[in-house]
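>>> no sequence on hand, only this structure:
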């Protein structure tokens, strides 16, 4: 099964000249499913959501999505208090935690947004329990979890890891191997989580922004992810600085073993 991971499009602060080459590159990848990990817009305004909707309407393959913290109104306190995801549900998708099961994999979306938190995410106990059951009952199928907020940060990252992330990683690792797709940090990372021995069961793929002008020293990018039984390959596709084109920048291969994910040379 082939997935494409898009995240942090940030319409309202996106590069319009990158939209056509991104759409063309994603179409050429010919994925079975496109996973969009939140932050469709910059400030959750209707005009920005219209542009995001126009983008996803041009996608040529099936897609699923979860909201990001920027998809919740920041300054509209009434909407933030009483209907924080209403605009997302209207313009993007009514379900903020979609799940798709095929013959080859199980893809589960998690809504990690919090109405009273501007940036930091939250993973709730009921979500942890639900995913643990899915991983435990997967019967050998790869389980791919998609969330906007990452479950682990490198030491140099200033943002706080979302609440509940450590508990989620520990409990899910005990349930079995899985992959987590995320965004939010506008950086690229592919590695197993190995803070504890059992946590090598978690393979993390953090992707940077597809279209935003806020690059934080990274290129605009997206990921192509191939699932083949107990193996996974993640390719980083980046936009070239000197021309409007996405090309492969790196390739990362891992295999699922009884002790966790191991890199394949």
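Nice, thanks for sending it over. Please read all numbers here as calculations on a predicted model, not as lab measurements.
>>> just the strands in the stretch 151-265 of the chain please.
178-182, 189-192, 202-206, 221-228, 231-239, 246-257, 260-263 (DSSP state E, counting those that start in this stretch).
>>> make a markdown table out of those strands and add mean pLDDT, mean neighbour count and distance to residue 91.
(Glycine included, C-beta is placed from N, CA and C.) Shown next, in a markdown table, are the strands of the stretch 151-265 of the chain (pLDDT from 0 to 100; neighbours: other Cβ atoms under 10 Å; distance: least, Cβ to Cβ, whole Å):
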| stretch | mean pLDDT | mean neighbour count | distance to residue 91 |
| --- | --- | --- | --- |
| strand 178-182 | 97 | 26 | 22 |
| strand 189-192 | 94 | 19 | 29 |
| strand 202-206 | 96 | 24 | 25 |
| strand 221-228 | 98 | 21 | 21 |
| strand 231-239 | 98 | 20 | 25 |
| strand 246-257 | 96 | 15 | 25 |
| strand 260-263 | 94 | 17 | 36 |
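>>> want to throw those into JSON lines with distance to residue 120?
As requested, the strands of the stretch 151-265 of the chain are exported to JSON lines (distance: least, Cβ to Cβ, whole Å):
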{"stretch": "strand 178-182", "distance to residue 120": "14"}
{"stretch": "strand 189-192", "distance to residue 120": "18"}
{"stretch": "strand 202-206", "distance to residue 120": "16"}
{"stretch": "strand 221-228", "distance to residue 120": "24"}
{"stretch": "strand 231-239", "distance to residue 120": "26"}
{"stretch": "strand 246-257", "distance to residue 120": "27"}
{"stretch": "strand 260-263", "distance to residue 120": "27"}
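>>> just so I know, which of those strands lies nearest residue 55?
Evaluated over the strands of the stretch 151-265 of the chain, closeness to residue 55 peaks at strand 221-228, with 12.6 Å, by Cβ to Cβ.
>>> now for the closest one, which elements pack on it?
strand 2-6, helix 19-29, strand 231-239, strand 246-257 (3 or more Cβ pairs under 8 Å, 6 or more residues apart in numbering; DSSP states H and E).
>>> so what does the longest one touch, helix or strand wise?
The elements that strand 246-257 packs onto, with contact taken as 3+ Cβ pairs under 8 Å, 6+ apart, are helix 19-29, strand 189-192, strand 221-228, strand 231-239, strand 260-263.
>>> try it again at 6 Å.
strand 231-239, strand 260-263 (3 or more Cβ pairs under 6 Å, 6 or more residues apart in numbering; DSSP states H and E).
>>> can I get these in a markdown table with distance to residue 131?
Below are the helices and strands packed on strand 246-257 laid out as a markdown table (distance: least, Cβ to Cβ, whole Å):
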| stretch | distance to residue 131 |
| --- | --- |
| strand 231-239 | 18 |
| strand 260-263 | 17 |
